[in-house]
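A.B. asks: Got a predicted structure plus its sequence, pasted below:
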Amino acid sequence: MKRIILLSAMIAGLFLSQNISYAQKQCGIVAHRGFWNCEEAGYAKNSIAALRCAQEHGFWGSEFDVNMTEDGVLIVYHDSDVKGKKIEKHPYSEFKDFKIKNGEVIPTIDMFLEQGKKYPETMLVYELKPHSCDEVEDRFVEITIEKLKEHGLLDPSRVMFISFSIHICEVLAQKLPEFTVQFLGSSKSPEQLAEKGINGVDYNHGVYKTHKKWYKQARKNGMSVNAWTVNDEKDMKKMLKMGVDMLTTDNPLGARGLMEKSKINELK
Ligand code: MG
């Protein structure tokens, strides 16, 4: 009899250890640079097609990177230079004919937001790339706000902001306190960010491991929590177990499958 009880306990123990308990039962998937990793998007990051694919697949959000040219045109492009030409030091005319991987031109923010507004349920996760000095970054933020207004998207339920520039995060938090603003770098703790009025964190997933108290600290300060760029199932599980609000990934369909399997409600 004792042996049967012991065996049952061992089986139960094994079963429990394989069941991950999640801190939070819901999470939103953010397609990193759009859902680019598919044929329909032509595998082109930050393309209009990648945004459209993210929208059509119904992911919670679609992330994209924005840089500003010397003459104040905002373009959706990840790097600070195009073929060695620094974006902020040259006028838009020098970039307008450049084609990205799927044959599209580099989208201007106008082209991009035109597509963005077609699907009100998809959060536009707008990354402002760091620029050379505070003055240029101030202008960048101003033009960003103007453009969102022009397109009827200056709305915290439609757009949220992320940046590696602490200055940009501070200015956005001050100008648009009702919007989610998440800092991307690892140089500031949630407490330090909260002191500056910044209401969210978007750390690399490894940062939560290095700084074990930062997740709780962010929660204590009422901040939203995102993680980048979580592509492996093992890392996704860790982030979901910790309880992130959003998971930024190049593999949004993989994240969707994992959430289904783990009975986590995918926010849409
Ligand atoms: Mg980005």
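C.D. replies: Alright, I've got the coordinates.
A.B. asks: What pairs with the strand ranked longest in the chain, parallel or antiparallel?
C.D. replies: Among the elements of the chain assigned as strand by DSSP state E, the one spanning the most residues is strand 61-68. The strands beside strand 61-68 in its sheet (DSSP bridges) come out as strand 26-31 (parallel), strand 74-76 (antiparallel), strand 123-128 (parallel).
A.B. asks: would you put the C-alpha positions of it in PDB?
C.D. replies: The C-alpha trace of strand 61-68 is given here as PDB (Å, rounded to 0.1, in the frame of the first residue of the first chain):
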ATOM      1  CA  GLY A  61       0.600  44.900 -31.900                       C
ATOM      2  CA  SER A  62       3.100  45.600 -34.700                       C
ATOM      3  CA  GLU A  63       6.400  47.300 -33.900                       C
ATOM      4  CA  PHE A  64       8.400  49.500 -36.300                       C
ATOM      5  CA  ASP A  65      11.500  51.700 -36.200                       C
ATOM      6  CA  VAL A  66      11.500  55.400 -37.200                       C
ATOM      7  CA  ASN A  67      14.400  57.700 -38.100                       C
ATOM      8  CA  MET A  68      14.400  61.400 -39.200                       C
END
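A.B. asks: and it, which residues are buried?
C.D. replies: Across strand 61-68, burial judged by 16 or more other CB atoms under 10 Å covers G61, S62, E63, F64, D65, V66, N67, M68. Bear in mind the C-beta positions are built from the backbone N, C-alpha and C, glycine included.
A.B. asks: cool, stretch 256-268 as well?
C.D. replies: Neighbour-count burial for stretch 256-268, with 16+ other CB under 10 Å as criterion, is recorded at R256, L258, M259, S262, I264, E266.
A.B. asks: So which bits of the stretch 51-200 of the chain are right by the ion?
C.D. replies: If contacts are counted using CB under 5 Å from the ion, the residues of the stretch 51-200 of the chain sitting beside the ion are D65, E127.
A.B. asks: All the strands of the stretch 51-200 of the chain, residue numbers only.
C.D. replies: In chain order, the stretch 51-200 of the chain shows strands spanning 61-68, 74-76, 81-82, 85-86, 123-128, 159-163, 181-183, 200-204, with DSSP state E, counting those that start in this stretch as the criterion.
A.B. asks: Poorly predicted segments of the protein, please.
C.D. replies: Under the criterion of pLDDT under 70, the regions of the chain flagged as low confidence span 1-24.
A.B. asks: Could you count how many residues lie near G200?
C.D. replies: 26 (other CB atoms under 10 Å).
A.B. asks: I figured it was touching N221, is that so?
C.D. replies: No - with contact defined as CB atoms under 8 Å, G200 does not reach N221; the gap is 9.9 Å.
A.B. asks: tell me the contacts of the residue in the stretch 101-250 of the chain that the ion sits nearest to?
C.D. replies: Taking CB to the ion as the measure, the stretch 101-250 of the chain has E127 as its residue closest to the ion, at 4.1 Å. Listed by CB atoms under 8 Å, 6 or more residues apart in numbering, the contact set of E127 reads E63, F64, D65, V66, F161, I162, S163, L184.
A.B. asks: how does it look with 10 Å?
C.D. replies: Applying CB atoms under 10 Å, 6 or more residues apart in numbering, one finds that E127 lies in contact with 32-33, 46, 63-67, 76, 78, 161-164, 168, 182, 184, 202, 228.
A.B. asks: Then T249?
C.D. replies: Shown here is T249, whose contacts under the criterion CB under 10 Å, 6+ apart are 29-32, 35, 37, 59, 63, 205, 227-232, 235-236, 239, 255-256.
A.B. asks: who touches both of G200 and N221?
C.D. replies: If you check G200 and N221 against CB under 10 Å, 6+ apart, the residues they both contact are P190, L193, A194.
A.B. asks: In contact with the last one, which residues?
C.D. replies: With contacts defined as CB under 10 Å, 6+ apart, A194 is in contact with K188, G200, V201, Q217, A218, K220, N221, G222, M223.
A.B. asks: for the first one, same thing?
C.D. replies: By CB under 10 Å, 6+ apart, the residues touching P190 are 183, 198, 200-201, 203, 211, 213-223, 225.
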